[in-house]
Structures are given as structure tokens and as C-alpha cells.
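Colleague: Need coordinates for the below:
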Amino acid sequence: MQNLYSSGLALCALFLLALGKPPPREREGKLMGNGVHVQGLGKSGKLRIGRKQSLENDSNAMTIDFDSIQEVDGRGAPVSGQGPRRHRFNTFANQEFNITGPTNVTVYGLQATRIAFESVLSTGGELALQVFIFREEGNVTIDDEVTPVKPGTVKFNILLSNWTFCGESGGVNCRGAIGRYLDVTLRILGRKPPKRRTQPPRPPPGRGPKNHNREREFEMGGNVTISFSKKVFIDNMEQSEDMPGDFPVYESRGGNQLFHFRFRRFNTSIMYDPVVNTDDAEVLSSPNTGTHLVAPTVLAMLVACILQLLR
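Modeller: Residues are numbered from 1 along each chain as shown. Predicted coordinates:
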């Protein structure tokens, strides 16, 4: 009987120690502003954007992560080099990102808060993701494209630098192939499959840009939209140019919602920045799966341990 009592005490002690020690958490960076929450993972660089502090329990939250980066030739066919620099990168699950911020900044003349994720790829290139939450209303203007933003609008920049292309001056030997473009694919999951917005909502009298192009804006469900510019900044970051052909391109493949971007060959770097808008008009509750079972169970075990210790 004494042995059973001692064993019970030992189990209670182990349980209380485990209860007091939180499980290890993955490194993450967080932003919050005007009721919008952004979470970025230090491993993989995956982003979650929504209106609940616990984004895992937000059924309207949108998830954005990198699917692949591939160098292609003038016909769009993949090119590949020899050795460790394969001129493609298609696995981000274990990619480590350094996190800096949050920091208050001015971007496109508007006040915002920023957090940054930076990583060195095994291909030799460098990838950075800067995420902003705007704190004031205004317009983001890139040449002839105008995108309205408001407090809580999220903008994220994709920056690629120091990529060594195949062939030509300064390039590497890739069995005679010449890399002309870099294709970047994002996997984006919303409450619903992306639906292209064809008609802009009517702006209030005297407000709203007249040349706001909605053909690359998608509704993601849960009153979340994402807008993709055709403009990309190359090298000097002061002048933009259009992506070639019909890019950016949306594709549904194997249950994945993929958005493809094509950037021409660059010397130093490229920068591309989509815009995400959320609206709290449609707030749907999410079930906290397991919460109602786990909490009473833990409480019952805690009470049992206390009674055991008081015997």
C-alpha cells in the first residue's frame, strides 16, 4: 500500500512539473494593428493573417507560404547548374529565417509597422520577406497602378538578391543554358478558393482612385482580399517595370492555390509587394477543437494530485 502511495506521489510530482513547463514553441514574429494580426514563422517563413489573436483558431485567416523558386530560360523551361547551386529551391519547410522587428516605419509616405524575415538559400541567393501593417489611410502608387490602403491593411515585400544566373557575362556554366527569368510561386490558402474580383466596389463620392485596376485582385473568403501588382522593382529599386506576359498567374493544382510570378534576370536584387485587406464585417466563430475536453481533464488530474498529497 505504501508503494502505491509513493508511486502516486511520484506521478503527481511529474505531472505538476510538466504542467509548469510550457512546451517548446517555434520561433515566430508577430504584428498587430487595428484589429489585424500577423504571425510569421521563423522556420519556413509562413505567414498567417487574420483578425483573431489566436490565428490557428481563426477560420477566416489567410495563410501564405513559399512553394518554390525556379530559374528558367527564355521559353520558360527550367535550367539547372551543377553542384550545390541547382538554380531552383522547392522546399521551405525547414528553411530558417532570422526575424527582426517590429519597427515603426514610413512606407510609400504612410505610417506603418514592419517586421522582417531574412534567409540565405542553399542556391546561394538571399530571400527576405518584409511585412507591414498600415496605421493610416492613403494610396500606394507604383507608376500608373494605385492601390488604396487603410489602417489594418497588410503589405508584404518579397526581396531576392545575390542570385547567380546561368550563362552570359557573370553567370555560371549550366550546360549551355541561359537563365532569363526567376519564377517564384506562393501557396495561398484562404477561407474559400480565390475568386477574381472583376468589378470594384463603388467608392464614396470624391474618394477612391480612378485608375485602380482590379483584374489581379482576388477574394479569399471571410472578407479577405489580396491584390497582386504587375509591377516589380529591379536592381536600383527606384523604377519599376511590368512582369512579362500574363504574369502574375493563378493556378489551382492538387488542392493547392498557387500564384506564379516571373521576374526578369537582374544584377543585384528584385522587390515585389502584394497587398492584403481584411474586413471585420464577416466574423465567424471557430471551434476550439479539443479545448473543451482537455481543460476539464487537466483540472481533474490536478485536483486528484492535490487530494493525493493531502492524504
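Colleague: When you work out contacts or count neighbours from here on, use the C-alpha atoms and nothing else.
Modeller: OK.
Colleague: How far off centre is the helix or strand hosting Leu127?
Modeller: Counting by DSSP states H and E, the element that carries Leu127 is strand 126-134. Remark: strand 126-134 is offset 9 Å from the chain centroid, using CA atoms, centre = their mean, to the nearest Å.
Colleague: Leaving out the residues flanking it, which one is nearest to Arg187?
Modeller: Leu258 (4.7 Å; CA to CA, 6 or more residues apart in numbering).
Colleague: Tell me which residues touch the one you found, please.
Modeller: Thr185, Leu186, Arg187, Ile188, Tyr250, Glu251, Ser252 (CA atoms under 8 Å, 6 or more residues apart in numbering).
Colleague: Turn these into JSON lines, columns for neighbour count, pLDDT and secondary structure.
Modeller: As requested, the contacts of Leu258 are exported to JSON lines (neighbours: other CA atoms under 10 Å; pLDDT from 0 to 100; DSSP: H, G, I helix; E, B strand; the rest coil):
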{"residue": "Thr185", "neighbour count": "21", "pLDDT": "95", "secondary structure": "strand"}
{"residue": "Leu186", "neighbour count": "18", "pLDDT": "94", "secondary structure": "strand"}
{"residue": "Arg187", "neighbour count": "18", "pLDDT": "94", "secondary structure": "strand"}
{"residue": "Ile188", "neighbour count": "22", "pLDDT": "93", "secondary structure": "strand"}
{"residue": "Tyr250", "neighbour count": "17", "pLDDT": "93", "secondary structure": "strand"}
{"residue": "Glu251", "neighbour count": "12", "pLDDT": "93", "secondary structure": "strand"}
{"residue": "Ser252", "neighbour count": "12", "pLDDT": "92", "secondary structure": "strand"}
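Colleague: Relative to Phe97, which of those residues is nearest.
Modeller: Closest approach to Phe97 among these (CA to CA): Leu186, at 16.7 Å.
Colleague: sec struct for the residue nearest to Arg187, please.
Modeller: strand (DSSP: H, G, I helix; E, B strand; the rest coil).
Colleague: what's across from it in the sheet?
Modeller: Arg187, Glu251 (DSSP bridges).
Colleague: ok, it to Ser227 distance?
Modeller: 14 Å (CA to CA, to the nearest Å).
Colleague: Please apply the same query to Val172.
Modeller: In this view, Val172 and Ser227 are 35 Å apart by CA to CA.
Colleague: of those two, who's got more company?
Modeller: Ser227 (21 against 18; other CA atoms under 10 Å).
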